[in-house]
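# Could you look at this predicted model? Sequence included:
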Amino acid sequence: MKFDLTILLSAAIGALTVAATPIRSRTPYSVKETHNVPRKWKNVGRAPGSHKLHLQIGLKQGKFDELDKHLYEGKQR
């Protein structure tokens, strides 16, 4: 009887703990946009582990005029 009660209490405490855990984002970032794979493409398998993909990412600089002015002033010194 004691063994059954211990299992029942442990299960109840575990269920309450899981139910009480708030589900929230771990990061303040969010997905701005997504791009789907073109319909005509098909999966032909995994790429070899030795395959290298050269990727360059460009980000738009906000307040570019301020950045340009700051860099220009740095050259004058």
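It's in. Numbers count the residues shown, from 1 in each chain.
# I'd like to know the average pLDDT value across whatever helix or strand Leu9 lives in.
Using DSSP states H and E, Leu9 sits in helix 2-20. Averaging pLDDT along helix 2-20 yields 67.
# Return the distance of the following helix or strand past it from the chain's centre.
Counting by DSSP H and E, the next helix or strand C-terminal to helix 2-20 is helix 64-76. What separates the centre of helix 64-76 from the centre of its chain is 33 Å, taken as CA atoms, centre = their mean, to the nearest Å.
# Give me the contact list for helix 64-76.
Helix 64-76 is contacted by residues Gln61 when judged by CB atoms under 8 Å, 6 or more residues apart in numbering. Backbone N, C-alpha and C define where each C-beta goes, glycine included.
# rerun at 10 Å
Gln61, Lys63 (CB atoms under 10 Å, 6 or more residues apart in numbering).
# Quick one: mean pLDDT over it.
78.
# Likewise for stretch 35-51?
Rounded mean pLDDT across stretch 35-51 is 90.
# Ends of it, what's the gap?
Using CA to CA, to the nearest Å, the end-to-end distance of stretch 35-51 comes out at 23 Å.
# Residues contacting that stretch from elsewhere in the structure, which ones?
Leu53.
# and that stretch, how far out from the chain's middle?
21 Å.
# Now that stretch: buried residues?
Residues of stretch 35-51 include none that count as buried (16 or more other CB atoms under 10 Å).
# ok, Ala12 to Asp4 distance?
Ala12 is 13 Å from Asp4, where distance means CB to CB, to the nearest Å.
# Could you do Gly62 as well?
Taken as CB to CB, the span from Gly62 to Asp4 is 63 Å.
# Asp68 too?
For Asp68 relative to Asp4 (CB to CB), the value is 74 Å.
# The two: who's more crowded?
For Asp68 versus Asp4, the count of surrounding residues by other CB atoms under 10 Å is larger for Asp68: 11 against 8.
# what's the neighbour count on Glu33?
Counted with other CB under 10 Å, Glu33 comes out at 4.
# got the CA positions of stretch 60-77 in PDB?
Extracted in PDB, the C-alpha atoms of stretch 60-77 (Å, rounded to 0.1, in the frame of the first residue of the first chain):
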ATOM      1  CA  LYS A  60      22.000  46.600 -44.100                       C
ATOM      2  CA  GLN A  61      23.500  49.200 -41.800                       C
ATOM      3  CA  GLY A  62      21.000  51.400 -40.100                       C
ATOM      4  CA  LYS A  63      21.900  55.100 -39.800                       C
ATOM      5  CA  PHE A  64      24.500  54.800 -42.500                       C
ATOM      6  CA  ASP A  65      25.100  58.600 -42.600                       C
ATOM      7  CA  GLU A  66      26.200  58.500 -39.000                       C
ATOM      8  CA  LEU A  67      28.500  55.600 -39.600                       C
ATOM      9  CA  ASP A  68      30.000  57.200 -42.600                       C
ATOM     10  CA  LYS A  69      30.500  60.500 -40.700                       C
ATOM     11  CA  HIS A  70      32.100  58.700 -37.800                       C
ATOM     12  CA  LEU A  71      34.500  56.700 -40.000                       C
ATOM     13  CA  TYR A  72      35.400  59.900 -42.000                       C
ATOM     14  CA  GLU A  73      36.200  61.800 -38.700                       C
ATOM     15  CA  GLY A  74      38.400  58.900 -37.600                       C
ATOM     16  CA  LYS A  75      40.500  59.300 -40.800                       C
ATOM     17  CA  GLN A  76      41.000  63.100 -40.200                       C
ATOM     18  CA  ARG A  77      42.700  62.500 -36.800                       C
END
